[in-house]
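Participant: here you go, sequence then predicted model.
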Amino acid sequence: MTYDIAIIGAGVAGSYIARECSRYKLKTVLIDGESDVGNQISMANSAIIHAGYDAPSDSLKGRFNAAGCLMYEKVCQDLDVPFKRCGSLVVAHDEFEMLTLHDLYQNGLRNGVPGMQILFQEEVHKLEPNLADDICGALYAPVAGVVSPFEMVAKLAENAVDNGVELKLDTIVESIESNDGYFTLGTNNGEIKSKIIVNAAGLYADDVYELIGEPYFELLARKGQYFIFDKEVGDTVENVIFPCPSKKGKGILVSPTVHGNLLIGPDANPTEKGDISTTQNELNFIKEAALKNVPKVGTMFGKIIRNYAGTRNTPIKTEFTTTDGDFIIEESPVKNLINVAGYESPGLTSIPAVSYYVMNDILLPILEREGIKVEENPDFNPKNKKHIYFKDLSEEEKIEVIKENPKYGKVICRCETITEGEIVDTIHRSAGAKSVKGVKKRCRAGMGRCQGGFCSPRVVEIIARELNIPVEEVNYDLNGKSYILTGETKK
Amino acid sequence: MYDSVVLGGGPAGLAAAIEAKRDGVEDILILERDRELGGILNQCIHNGFGLHTFGEQLTGPEYAERYIDQVHELGIPYYLDTMVLDIEDHGDFKRLHAISEENGYQTIDTKTIILTMGCRERTAGAIGIPGFRPSGIFTAGTAQRYINMEGFLTGKNIVILGSGDIGLIMARRMTLEGANVKAVCELMPYSNGLTRNIVQCLDDYDIPLKLSHTITFIKGKDRIESVIIQKVDENLKPIPGTEEEIPCDTLLLSVGLIPENEISRSAGIEIDNRTSGPIVTELRETSMPGVFAAGNVVQVHDLVDFVSQEAELAGKGVAKFIKDEINQDSGIETKVDQNLSYVVPQKVSLDNADDEITFYMRVRNVEENKKINAYLDGNKIATKRARKFLPAEMVNFTIKKSKFVDGAKELEFKLED
């Protein structure tokens, strides 16, 4: 099979761009080395849709952040992804930090962030009663929000596939060659030929690029660690609470999640690619840092249900580098190869705007240049099949849903009230769940306070039944490597 | 309208329903979220259950069977695979919202409710073990379910964190299935399991129990590959330089149990932060009149026999409630000193009590040659002696009703020399 466009990396960037491509009659393939979409950077992050006042206005980050933020309602409605504009506060403890807030405010204006306000002490505490007493002001951005990043990627990939994109998982690109106007991608899963490559390989985008191009950027893995708290304390804050930003980043935030938990983190420390381990010292640091803005967190450590770490892919300045910490979104020196690299925060927020830009300002001109005829896909449907979040339905709706499909009457995950109907649905969707973690990411079974203790045996059983595979072949995550069961007991 | 609906068909729910029925409560319904009655007993295939209740050693399923048989004999109806979503208090009756594949969405009205939802296990996330988050990490109870009920093994080289009873039982169970249990690590300088389980499950199989040790890192990106264990000091902080790496493909956690009271909380029932269970009276009535609670949802028990006993109190309570025989004036509040972690019941009304009242409590640390004294409004009225008090073993302290005086306000338990 020869494709027009091969997208390497099925994180939020690759999946979103794939969906943009599916608006046209193009042969597009979306490739990922993992066994599921959105399984690395897109899976473990702060899940925040930033308002857009942070990045310099002359950077790509500054250009796309605010625009992406404002596009979120529509895409989340279309894709049926939980999203909430909860607002954010950057808090200041002294007059110097207040000055920073004013700078951010001015920068936000330049970037086109609507509705910002500088709030003073009383207003801040009225809005967020649990903030530290010494907080003297805050930059309030009502457009900031929180999203479910796992569902976002899964639903993007689903929509892309439903609109004609081919998805190849468990496919690691090992070599790239160019001849006769085509790229040939050597993978562990056979050869893939394509006219154009979009390199959205996240943390590995530099390695992928260097399979064919001379290095001109380098990505530094910076690890961030987090804690998730039980929903019981999910209402500790209503807005995302940021400290005043520093050179190191946005600092340790305290944030509601779109599903009603509370999240604190992340720190930022250089690490090796692939290292998503949490570490005691850094976890302790996060707890301490969170206390500075929300002292009440100190009484809640008994309500922690999980810690996790994710990595950012920060472009670093080397002798070859063309950017300084900004996104790299361009046709690379290798013709017909587009890099979407160094795609760190605010990448999740910016992606609706970035994808539009990649499609209209980069891909379409290249397709035209290469003489590939591009027609709109008349069958393109931006909407996904409605996801039934059973727990959120009214009593009448619950009655109806169970009548229609009794499997919605069987609760599998007690903590999150997730029914068998929802689990079966996520398995059978395009780009659907094939593993326990896949189910967890898409419908939250196992995401609650017991962390799958009660439901994982049931989820394993349902996956095996629906995919028609033996129970022992059901994986937690990566195919074959993250096995759960090792065989049958003695008879 | 039911007289009573029991939330959970485990040992507590079964015993409560049976007792209520025997005491004259007519229309009782048991709602069970799992596929069968019996609760966690179904996966506890080892013996040692029932010594107090039946004077013989039964396995978990056998113990459950005795109660399930009685439920059948008494004709108490039950729904399986049924989850209660919500409890609404309508004053003189309660309305339950429940769903199941078989019966769809149901609203069930009842005069009383008995909460017997049991408890859940603490997880790796709850105790915050750093490292990777691969497959192969199970709570001991989940592994027990896989092995004893589903018929699957979870791994071959095992490390167990926590020496709670389920962890100890699983050390033996996995050994019998051919697995190599490399160590049981316990953060505290003493085990949190029953002594008999340490002897029968670890010592008999030469499985090392590493006291004052914890796991400080989990390795393995996809499947767990090893754990780093470390000695801890008297403040339970890991001691640098004592790291030891143990290769394994499975980590079992037996690090505590938490009463499952989410539905109690959302119904507005008052919870005791010390037990994480509802505040209850001598008849196990909660802060919501007509709602009773018993078993691990009230306090984490170590023996099922005591769960059954507590559930019988709740069953009796429901019967009295239906006959309008409960004095709602709860009278005496109970409290404990800093050496004891909690006491149940938290409230006592002498009018409702039998000839004697049993109080359940736990010590915070291992205590030798001490006694627990009970003070009624400052006057010592009873003493409980034991050669040794262990945090792992619930203390039952029975006091005769005749020792109490009318009008008393406070009963305090103190650990003393």
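Facilitator: Perfect, thanks for sending it.
Participant: contacting residues for the residue of the stretch 151-300 of chain B found nearest chain A?
Facilitator: Going by C-beta to the nearest C-beta, chain A is nearest to B:Asp222 of the stretch 151-300 of chain B, at 3.7 Å. Every residue, glycine included, has its C-beta placed from N, CA and C. Counting by C-beta atoms under 8 Å, 6 or more residues apart in numbering or on different chains, B:Asp222 touches A:Asp477, A:Leu478, A:Lys481, A:Ser482, B:Pro134, B:Ser135.
Participant: go on, A:Val113?
Facilitator: Applying C-beta under 8 Å, 6+ apart, the residues near A:Val113 are A:Ala51, A:Gly52, A:Tyr53, A:Ala66, A:Cys69, A:Ala141, A:Val143.
Participant: please identify which of the residues you listed is nearest to B:Ile381.
Facilitator: Top of the list for closeness to B:Ile381, among the contacts of A:Val113 and by C-beta to C-beta, is A:Ala141 at 62.7 Å.
Participant: ok, now which ones touch the spatially closest residue to that closest one that is not a sequence neighbour?
Facilitator: Distance criterion C-beta to C-beta, 6 or more residues apart in numbering or on different chains; nearest residue to A:Ala141, sequence neighbours excluded, is A:Ala51 at 3.5 Å. A:Ala51 is in contact with A:Asn65, A:Ala66, A:Cys69, A:Ser88, A:Gly108, A:Val113, A:Met116, A:Ala141, A:Val143, A:Ala144, counting by C-beta under 8 Å, 6+ apart.
Participant: go with 7 Å
Facilitator: Contact analysis of A:Ala51 by C-beta atoms under 7 Å, 6 or more residues apart in numbering or on different chains lists A:Ala66, A:Cys69, A:Ser88, A:Gly108, A:Val113, A:Ala141, A:Val143, A:Ala144.
Participant: quick check: the last one touching A:Ser88?
Facilitator: Put plainly, it is A:Ala144. Yes: with contact defined as C-beta atoms under 7 Å, A:Ala144 counts as touching A:Ser88 (3.5 Å).
Participant: need the overlap of contacts for these two.
Facilitator: Taking C-beta under 7 Å, 6+ apart as the contact rule, A:Ala144 and A:Ser88 both touch A:Ala51, A:Val240.
Participant: pull out the buried residues from the worst-scoring helix or strand of chain B on mean pLDDT.
Facilitator: Lowest mean confidence among the helices and strands of chain B (mean pLDDT, DSSP states H and E): helix B:124-127, at a mean of 86. By neighbour count on 16 or more other C-beta atoms under 10 Å in any protein chain shown, the buried set for helix B:124-127 is B:Ala124, B:Gly125, B:Ala126, B:Ile127.
Participant: check which residues of the helix or strand just after that helix are buried.
Facilitator: Note on helix B:124-127: by DSSP states H and E, the next helix or strand toward the C-terminus is strand B:137-139. Residues of strand B:137-139 classed as buried by neighbour count (16+ other C-beta under 10 Å): B:Ile137, B:Phe138, B:Thr139.
Participant: contacts for the lengthiest helix in chain A?
Facilitator: Scanning chain A for the longest helix, with DSSP state H as the assignment, gives helix A:95-111. Here helix A:95-111 makes contact (C-beta under 7 Å, 6+ apart) with A:51-54, A:57, A:62, A:65-66, A:90, A:92, A:116, A:118, A:136-137, A:139, A:244.
Participant: show me those that map onto helices.
Facilitator: Taking DSSP H, the ones among the contacts of helix A:95-111 that sit in helices are A:Gly62, A:Asn65, A:Ala66.
Participant: A:Val340 versus the last one, what's the distance?
Facilitator: It stands for A:Ala66. Here A:Ala66 is placed at a distance of 19 Å from A:Val340 (C-beta to C-beta, to the nearest Å).
Participant: what does the first one give?
Facilitator: When distances are taken as C-beta to C-beta, A:Gly62 and A:Val340 turn out to be 17 Å apart.
Participant: residue numbers of the stretch 101-250 of chain B in contact with chain A?
Facilitator: Neighbours of chain A within the stretch 101-250 of chain B, by C-beta under 7 Å from any C-beta of the partner chain: B:101, B:104-105, B:120-121, B:123, B:125-126, B:128, B:130-135, B:139, B:141-142, B:145-147, B:150-156, B:177, B:216, B:221-223.
Participant: hmm, which of these are the buried ones?
Facilitator: B:101, B:104-105, B:120-121, B:123, B:125-126, B:128, B:130-135, B:139, B:141-142, B:145-147, B:150, B:152-155, B:216, B:221-223.
Participant: show me the helices in the chain, by range?
Facilitator: I'll assume chain A. Counting by DSSP H, chain A has helices at residues A:12-21, A:60-70, A:72-79, A:95-111, A:121-127, A:149-162, A:205-209, A:280-293, A:347-357, A:364-369, A:395-404, A:420-428, A:436-443, A:456-467.
Participant: chain B is the one I meant
Facilitator: With DSSP H as the criterion, chain B has helices at B:11-22, B:51-54, B:60-73, B:124-127, B:140-145, B:165-176, B:195-197, B:262-267, B:304-322.
Participant: looking at these, which is buried most?
Facilitator: Greatest average neighbour count among the helices of chain B goes to helix B:11-22 (a mean of 29), per mean count of other C-beta atoms under 10 Å in any protein chain shown.
Participant: and that helix, how far from the chain's centre?
Facilitator: Offset of helix B:11-22 from its chain centre (C-alpha atoms, centre = their mean, to the nearest Å): 17 Å.
Participant: got the contact list for that helix?
Facilitator: Helix B:11-22 is contacted by residues B:4, B:6, B:28, B:30, B:37, B:39, B:41, B:64, B:67-68, B:70-71, B:74, B:76, B:114, B:116, B:294-296, B:304, B:307-308, B:310-312, B:314-316, B:318-319 when judged by C-beta under 7 Å, 6+ apart.
Participant: got the contact list for residue 277?
Facilitator: Using chain A here. Shown in contact with A:Ser277 (C-beta under 7 Å, 6+ apart): A:Ala309, B:Pro130, B:Gly131, B:Phe132.
Participant: actually it's chain B I care about, not the one you picked
Facilitator: Going by C-beta under 7 Å, 6+ apart, B:Gly277 touches B:Pro259, B:Asn261, B:Ile271, B:Ala293, B:Val297, B:Val298, B:Gln299.
Participant: of the ones in helices among the contacts of helix A:95-111, which is the most crowded?
Facilitator: Neighbour tally across the ones in helices among the contacts of helix A:95-111 (other C-beta atoms under 10 Å in any protein chain shown): the maximum, 31 neighbours, falls on A:Asn65.
Participant: phi, psi for the residue lying farthest from the centre of chain B please.
Facilitator: Farthest-out residue of chain B from its mean C-alpha position, per C-alpha atoms, centre = their mean: B:Gly241, at 37.2 Å. According to degrees, to the nearest 10, the main-chain angles of B:Gly241 amount to phi 90, psi -10.
Participant: how near is it to B:Lys231?
Facilitator: Distance of B:Gly241 to B:Lys231, given as C-beta to C-beta: 9 Å.
Participant: what sits up against stretch A:371-391?
Facilitator: Outside of stretch A:371-391, the residues within contact range by C-beta under 7 Å, 6+ apart are A:4, A:22-26, A:78-80, A:155, A:158-159, A:162-164, A:195, A:364, A:367, A:398, A:401, A:408, A:417, A:419, A:421-422.
Participant: restrict the residues you listed to contacts with chain B.
Facilitator: The residues of those that also fall near chain B, by C-beta under 7 Å from any C-beta, are A:Lys398, A:Thr417.
Participant: state the mean pLDDT of stretch B:266-274.
Facilitator: Averaging pLDDT along stretch B:266-274 gives 96.
Participant: break the chain down into its domains, please.
Facilitator: Since no chain was named, I'll use chain A. Chain A is divided into the following domains under automatic domain parsing: A:2-42+A:150-217+A:318-369, A:83-146+A:220-311, A:390-473.
Participant: not what I meant, chain B
Facilitator: What automatic domain parsing lists as the domains of chain B is B:1-121+B:256-326, B:123-255, B:329-417.
Participant: now do the longest helix of chain A: distance to the chain's middle.
Facilitator: For helix A:95-111, the distance to the chain centre is 27 Å (C-alpha atoms, centre = their mean).
Participant: quick one: average pLDDT of it?
Facilitator: 96.
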